[in-house]
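Trainee: quick one, fold the following:
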Amino acid sequence: MSKLKVRHYSQKQLDIVLIHGWGLHSGVWQKLIEYLQTFANITVIDRAGYGHSQIMSHEDELNEILANCPPKAVYIGWSLGVSVILQLATQHPQRVQAIVALAADPCFVARNDWPYAMPIENFQQFQQDTEENAYTALLRFMGLQTQGSNTQRQELRFLQQLLAQHPIPHHLQLLQGLADLAQDYRPLVEKIRCPMLWVYGTKDKLVNIDVDALLALNSQITFGSFADAAHVLLLSHPEPLSDMIIRFLRGNGYDDAV
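Mentor: Residues are numbered from 1 along each chain as shown. This is a model prediction of the structure:
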């Protein structure tokens with residue numbers, strides 16, 4: 001029996017796997033699924049410790065994802081979820097046909113050679129807030145995720161409803177997620193050989209994308225952006241985002257007839 005909560009929406013030949021980020025369960029994909037499921041089979045995963053999924057080590061989580069996902073699939077990740085996909089794609093490249101990275105930074109915390117990311121002081125404060133009161137930290141995080149969006153109020157309400165659907169993850173699980181977020185995944189981006197689409201919102205207050213810096217890591221990355229989107233572009237722009245993803249996949253030879 002699977003230790004992860006996994007849902008499948010199956011009618012097509014192409015498979016897509018959705019992996020969420022930090023703080024909230026797989027319900028964040030609800031709006032995007034409505035559009036993507038007309039194009040491909042969808043597998044949605046609650047990450048370890050989220051929703052109905054058990055707490056487990058990161059290595060066990062990667063193994064459970066592989067055990068519960070199609071032999072080959074396109075992987076779409078949001079925020080921290082992209083780091084999981086990068087690990088899967090470098091360790092098991094035969095399983096990952098293409099990658100779509102939404103609102104993600106391969107090096108989330110700023111370094112001397114990566115100054116575009118979140119200042120270390122801000123990140124450490126967020127870690128402290130999570131340790132002291134995880135629920136309050138999650139509410140603050142949702143505010144940052146929606147800040148800058150033209151439809152912030154609606155998205156914030158949606159996220160708050162998702163938060164209320166399940167008990168919040170244990171604070172130690174949340175802290176482990178933040179520790180994962182602080183890692184440098186740039187070497188993994190350099191190793192990726194499958195097609196990659198990197199999508200971001202220009203009003204994102206958590207992730208500041210430098211296209212040239214990412215292209216220096218991997219010149220094969222395709223970029224997409226939404227000028228009026230924040231970190232939660234999968235909530236604010238589900239239909240145009242789905243269209244962008246489908247165009248990218250079709251352009252790389254993947255469609256529902258694959």
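Trainee: residues contacting Ala89?
Mentor: Tyr75, Arg95, Val96, Ile99, Leu188, Ile192, Cys194 (CB atoms under 8 Å, 6 or more residues apart in numbering). Every residue, glycine included, has its C-beta placed from N, CA and C.
Trainee: give the next helix or strand downstream of the helix or strand hosting it.
Mentor: Using DSSP states H and E, the element containing Ala89 is helix 81-91. Downstream of helix 81-91, the first helix or strand assigned by DSSP H and E is strand 96-102.
Trainee: just the angle between that next one and helix 81-91, please?
Mentor: Orientation check (axes from the mean of the first three to the mean of the last three CA atoms, to 10 degrees): strand 96-102 against helix 81-91 gives 160 degrees.
Trainee: direction included, what does strand 96-102 pair up with?
Mentor: strand 73-78 (parallel), strand 196-201 (parallel) (DSSP bridges).
Trainee: now do it: everything it contacts.
Mentor: With CB under 8 Å, 6+ apart, strand 96-102 has contacts from 72-79, 82, 85-86, 88-89, 192, 194-200, 233-234, 241, 245, 248-249, 252, 254.
Trainee: OK, contacts around Cys223?
Mentor: Quick fix: residue 223 is Phe, not Cys. Leu197, Trp198, Val199, Tyr200, Ile209, Val211, Leu214.
Trainee: spell out the secondary structure type for it.
Mentor: Following DSSP: H, G, I helix; E, B strand; the rest coil, Phe223 is assigned to strand.
Trainee: now it: how far from Leu80?
Mentor: 20 Å (CB to CB, to the nearest Å).
Trainee: mean confidence score for the helix holding Ala89?
Mentor: Average pLDDT, helix 81-91: 98.
Trainee: ok, which pair from the contacts of Ala89 is furthest apart?
Mentor: Arg95 and Leu188 (14.8 Å; CB to CB).
Trainee: neighbour count for those two, which is higher?
Mentor: Neighbour count, other CB atoms under 10 Å: between Arg95 and Leu188, Leu188 has more, with 21 against 17.
Trainee: so which strand or helix has that one?
Mentor: Using DSSP H and E, Leu188 falls in helix 186-191.
Trainee: from the contact counts, what lies against that helix?
Mentor: helix 81-91, helix 211-217 (3 or more CB pairs under 8 Å, 6 or more residues apart in numbering; DSSP states H and E).
Trainee: and stretch 213-231, which residues are buried?
Mentor: The neighbour-count check on stretch 213-231 (16 or more other CB atoms under 10 Å) flags Ala213, Leu214, Leu217, Asn218, Ile221, Gly224, Phe226, Ala229, Ala230, His231 as buried.
Trainee: quick one, what contacts the fifth one?
Mentor: Just to be clear, that refers to Ile221. Contacts of Ile221 by CB under 8 Å, 6+ apart are Val189, Met196, Leu197, Trp198, Leu214, Leu215.
Trainee: now, among those, which is nearest to Ala103?
Mentor: Distance to Ala103 across the contacts of Ile221 (CB to CB) is lowest for Trp198, with 9.6 Å.
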